[in-house]
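Chemist: predicted model follows, preceded by the sequence.
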Amino acid sequence: MLFLRRVLLPFSWIYGFITDWRNSLYDRGMSPSATFEVPIVSVGNLTVGGTGKTPHLEYLIRLLKPFASMATLSRGYGRDTKGFRIATNQDTAATLGDEPLQVYQKFGKEIRVTVGEKRAEAAEKLLKLHPETDLILLDDAYQHRAIQPQINLLLTDFYHLFYQDYPFPAGNLRERRHGAARADAIIVTKCPENLDAEGQKKIIKKIAKYSKAPVFFSGIRYATPRNSQQQTPPAAPAVLVSGLARPELLETYAQSKYTLAQHLAFGDHHAYTAGDWQKVETQLQQTGSPEAWVLTTEKDYVKLKSVSNSSTAIYVLPIEVYFLKSNPLHFDDWLLQTLGFDVKKA
């Protein structure tokens, strides 16, 4: 692996130069960044996937929806459609994208969920159609500089911190490390619960080489999996099915809680087919248990249920974000104060 990285480093330098040049065009005003009258909060990362953007987006929705008429705006990665789209009950993962569909199914009655690959144009259309919108959450847009957000949130995985990584193709960075300087706050995600103040200080010190933004630390919690009938899983072997950029934490958790017979790991944003479900059924049969069941994520379920023979055998594992005690000012208070909302109402 080290040898391969050394071989690829010259290409990473070229890639880093190109992204630096692109960023400089925006920094010097040679490429326009659209601004809007409503506050825009961008959530993104320096790496290619795997930092937990969607759970954090959901956390922000829960935190901010009491204060504003909100909308989310995503690219809609993996969808078959093009252009601007406002989610409706008729949408599927193919028309909206798996993550926006997941968000819509949870929060569609309270907020607007929209997609559009040209985010500046999409935001303009959104505000024209729904002028009552007074806050937009911009998903996976740290490198999408055609919009100037009021708040830029940068996520970095505790187990794959950006300052330990390299630009593509030698590493997983979308741009060089100093791109972190654009962040208004940095969230270190997927932290272990026992990460103490000393461990946090070490990370903050290393991040400070690239950004002076406040640093917060978050972890993830898994809830009890349930099927479409809201039943909990039987005491039988499970087959884990996932399409994530980094499924290691999920697999470790599943192994610690359940009798895991197999993990069918597909690529991030995988579009499941009937053939994939046949593989799942084969694994279920090989357990030798008639009560064997499928464990999957919310993101995967929105696609998996459309190709499965029965959704009752599929149990969805909910995931939620929580923040560790770290910065003297809690993340919630920092964000609400920065947006000008009354913290006492939170």
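Modeler: Received it, and whenever you're ready, just let me know what you need.
Chemist: all helices of the stretch 151-300 of the chain, in order?
Modeler: Here the stretch 151-300 of the chain has its helices, by DSSP state H, counting those that start in this stretch, at 197-207, 248-257, 274-286, 298-304.
Chemist: got the domain boundaries for the chain?
Modeler: 2-68+134-220+322-345, 238-317 (automatic domain parsing).
Chemist: would you convert those domains into CSV that also reports mean pLDDT?
Modeler: Formatted as CSV, the domains of the chain follow (pLDDT from 0 to 100):
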stretch, mean pLDDT
domain 2-68+134-220+322-345, 93
domain 238-317, 93
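Chemist: will you turn the ones you listed into CSV that also has distance to Arg75?
Modeler: C-beta here means a position set from N, CA and C on the backbone, and glycine is covered the same way. Listed next are the domains of the chain as CSV, based on distance: least, CB to CB, whole Å:
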stretch, distance to Arg75
domain 2-68+134-220+322-345, 6
domain 238-317, 11
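Chemist: deepest of the helices of the stretch 151-300 of the chain, which one?
Modeler: Highest mean neighbour count of the helices of the stretch 151-300 of the chain: helix 298-304, a mean of 24 (counted as mean count of other CB atoms under 10 Å).
Chemist: what's the single longest helix in the chain?
Modeler: Using DSSP state H, we find that the single longest helix of the chain is helix 2-27.
Chemist: give the next helix or strand downstream of that helix.
Modeler: Scanning forward in sequence from helix 2-27 by DSSP states H and E, the next helix or strand is strand 40-45.
Chemist: picking that back up, kindly reformat the helices of the stretch 151-300 of the chain as TSV containing distance to Asp157.
Modeler: Below are those laid out as TSV (distance: least, CB to CB, whole Å):
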stretch	distance to Asp157
helix 197-207	12
helix 248-257	9
helix 274-286	26
helix 298-304	16
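Chemist: Thr338 is nearest to which of the ones you listed?
Modeler: Thr338 sits nearest to helix 197-207 of all the helices of the stretch 151-300 of the chain, at 18.8 Å, using CB to CB.
Chemist: list the helices and strands that closest one packs on?
Modeler: In terms of contacts (3 or more CB pairs under 8 Å, 6 or more residues apart in numbering; DSSP states H and E), helix 197-207 is packed against strand 215-222.
Chemist: settle this for me: Asn23 is touching Ala181, isn't it.
Modeler: No. Checked against CB atoms under 8 Å, the pair Asn23 and Ala181 is beyond contact range at 10.0 Å.
Chemist: any idea how far the closest residue to Phe216 other than its chain neighbours is from Phe266?
Modeler: Using CB to CB, 6 or more residues apart in numbering and skipping residues adjacent in sequence, the residue nearest Phe216 is Phe331, 4.4 Å away. For Phe331, the distance to Phe266 equals 32 Å [CB to CB, to the nearest Å].
Chemist: looking at those two, which one has more neighbours?
Modeler: More neighbours surround Phe331 than the other of Phe331 and Phe266, with 22 against 17 (other CB atoms under 10 Å).
Chemist: hmm, back to that, which one of the domains of the chain lies closest to Leu96?
Modeler: domain 238-317 (9.2 Å).
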